[in-house]
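Chemist: My questions are about this predicted structure, shown below with the sequence.
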Amino acid sequence: MKNSSFILVLLGVAVLFIAFRWAYASNDKEEPENVVCSSTIEDIMTRTSVRSYSEKQVAKETVDTLLRAAMGAPTAMNKQPWRFVVIDKREILDSISTKFKSMTMASKAPLAIVMCGDMSATIEGEGREYWVQDVSAASENLLLAAHAIGLGAVWCGIYPIADRVRDFSNMLELPEDIVPLACICIGYPDGANQPKDKWHPEYIRYNSWK
């Protein structure tokens, strides 16, 4: 009798365990959307500018992922005026580091992507300048994608500083219609980087400025 009672207890525990696991698995099937959302918010909140990189190279497949993410950005009237120049030649990266004081990290980066706007693909009239917003949105997408896959990156401004626009255009032999907006240096981080706390509720107004 004692053995029978012990076996019944074990069977009861087993049934409870199986029921718990089934319920847990069922809940898991309902959570992916929340998990993705949580991951996206976490990437936004923890992204920071990274200026120091290891010697590890960035694979072409990874570069393609970054560019796909960039091209997923919103764009006025779907004009998609963004164009990209991928730089992985050491001599060009070193030249960027030498010519531009704010871009010295390029000498350590294995990769840079120059984010450009195609003036022949913009909206006509006053909407022409929306290309800046379009390419900026693509740049932010690229930065977030880099962070999400374990890379570090930093946005270095080019446009609208005329000297920088001219020098980059000459260095990369850009056509007249192509305007460089930013140079994003990319690589695997060499050490830990802490994001800045940029939350300032005092910057917020509701419905009007008053």
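Modeler: Thanks, I have it.
Chemist: Verify the stated contact: Gln57 with Ala109.
Modeler: No. The criterion here is CB atoms under 8 Å, and Gln57 misses it with Ala109 at 10.7 Å. C-beta: built from backbone N, CA, C; applies to glycine.
Chemist: neighbour count winner among the two?
Modeler: Ala109 (28 against 12; other CB atoms under 10 Å).
Chemist: Read off the pLDDT value for the more buried one.
Modeler: We note a pLDDT of 98 for Ala109 in this prediction.
Chemist: cool, Asn207 as well?
Modeler: In this model, Asn207 carries a pLDDT of 98.
Chemist: try Val35
Modeler: 53.
Chemist: How about Asp28?
Modeler: 44.
Chemist: And for Leu11?
Modeler: Note for Leu11: predicted pLDDT of 46.
Chemist: Is Pro180 in a helix, a strand, or coil?
Modeler: strand (DSSP: H, G, I helix; E, B strand; the rest coil).
Chemist: Show the contacting residues for it.
Modeler: With contact set as CB atoms under 8 Å, 6 or more residues apart in numbering, Pro180 has these partners: 85, 114-116, 158-159, 164-165, 168-169, 172, 174.
Chemist: Show me where the protein dips below the pLDDT cut-off.
Modeler: 1-37 (pLDDT under 70).
Chemist: Mind splitting it into its structural domains?
Modeler: 2-43, 51-187 (automatic domain parsing).
Chemist: Could you provide those domains in a markdown table, with additional columns for distance to Gln194?
Modeler: Shown next, in a markdown table, are the domains of the chain (distance: least, CB to CB, whole Å):
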| stretch | distance to Gln194 |
| --- | --- |
| domain 2-43 | 15 |
| domain 51-187 | 12 |
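Chemist: mind checking which of the ones you listed is nearest Pro195?
Modeler: domain 51-187 (9.5 Å; CB to CB).
Chemist: end to end, how far does that closest one reach?
Modeler: 9 Å (CA to CA, to the nearest Å).
Chemist: Any idea how far it is from the middle of the chain?
Modeler: 12 Å (CA atoms, centre = their mean, to the nearest Å).
Chemist: so which of the contacts of Pro180 comes closest to Lys79?
Modeler: Nearest to Lys79 among these, with distances taken as CB to CB, is Cys116, at 13.9 Å.
Chemist: which stretches of this structure form helices?
Modeler: 2-29, 32-46, 60-70, 90-99, 130-148, 162-172 (DSSP state H).
Chemist: Excluding chain neighbours, what is closest to Arg47?
Modeler: His147 (4.3 Å; CB to CB, 6 or more residues apart in numbering).
Chemist: Would you mind confirming that that neighbour is in contact with Glu140?
Modeler: No. Counting by CB under 8 Å, Glu140 is not a contact partner of His147; they are 10.8 Å apart.
Chemist: Please identify which of the two sits among more neighbours.
Modeler: Each of His147 and Glu140 has its neighbours counted (other CB under 10 Å); His147 has more, 21 against 15.
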